[in-house]
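Asks: Sequence and predicted structure, then a few things I'm wondering about:
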Amino acid sequence: MSLFSVFNIAGSALNAQTIRLNTTASNLANSESVDGDASKVYRARHPVFQTMLDSPDGSSDPDGAVAGVRVLGIVQSTTEPVKRYDPNNPLANKDGYVFMSNVNAIEEMTNMISANRSFATNVEAINTARDLLLKTIAMGH
């Protein structure tokens, strides 16, 4: 695997963390959502990642491998929404209950901090690889 592969690997990680940050922002924006129907209320969403190490020609030669991270998709949380008695709410069901989003703001803030740090680490890896390549080129002159 060449030094140039660092750019592809870190780039795929940057993309994954961007999706993670966007999903977290969406969850936080909808954390106070309510509805009279538990099946219609907003549920937290989370990206699912997978590591990649694929050889383009199917061989086990690591020099021709494509490595990184891919986003398999976004999954919806299966945690039940919070049921709250609020008969004065216009969205309340016939029994006077509303269902609140199952987004946990503390968990989402933790995800945001983690994704931000991962993003910064990958930017630093790209910058380090770039500096090493520039120093290598400078040695040749």
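Replies: Yes, it's here.

Asks: For the residue most central in space within the chain, which non-adjacent residue is closest in space?
Replies: Taking Cα atoms, centre = their mean as the criterion, residue 20 is the residue nearest the geometric centre of the chain, at 1.8 Å. Leaving aside its chain neighbours, residue 20 sits nearest to residue 115 (4.3 Å; criterion: Cβ to Cβ, 6 or more residues apart in numbering). Using the backbone N, CA and C atoms, a C-beta is placed for each residue, glycine as well.

Asks: ditto for residue 12
Replies: Residue 12 sits nearest to residue 68 (Cβ to Cβ, 6+ apart), 3.2 Å away.

Asks: just checking, what's the longest helix in the chain?
Replies: What stands out as the longest helix in the chain, according to DSSP state H, is helix 105-139.

Asks: who's in contact with stretch 72-90?
Replies: Residues from elsewhere that reach stretch 72-90, judged by Cβ atoms under 8 Å, 6 or more residues apart in numbering: 19, 23, 34, 38, 41, 43-50, 92, 96-102.

Asks: What distance separates the opening and closing residues of it?
Replies: Counting by Cα to Cα, to the nearest Å, you get 38 Å between the two ends of stretch 72-90.

Asks: from here on, count from 341
Replies: Understood, numbering begins at 341; the last thing we discussed is stretch 412-430.

Asks: Residue 377 belongs to a helix, doesn't it?
Replies: No. The assignment for residue 377, made by DSSP: H, G, I helix; E, B strand; the rest coil, is coil rather than a helix.

Asks: So for residue 477, what pLDDT did the model give?
Replies: At residue 477, the model reports a pLDDT of 86.

Asks: quick one: contacts for it?
Replies: Taking Cβ under 8 Å, 6+ apart, one finds nothing in contact with residue 477.

Asks: likewise residue 343?
Replies: Counting by Cβ under 8 Å, 6+ apart, residue 343 makes contact with 469, 472-473.

Asks: In JSON lines: those residues, plus pLDDT, distance to residue 448 and neighbour count.
Replies: What follows is the contacts of residue 343, written out as JSON lines (pLDDT from 0 to 100; distance: Cβ to Cβ, whole Å; neighbours: other Cβ atoms under 10 Å):
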{"residue": "469", "pLDDT": "90", "distance to residue 448": "32", "neighbour count": "17"}
{"residue": "472", "pLDDT": "89", "distance to residue 448": "36", "neighbour count": "12"}
{"residue": "473", "pLDDT": "88", "distance to residue 448": "37", "neighbour count": "14"}
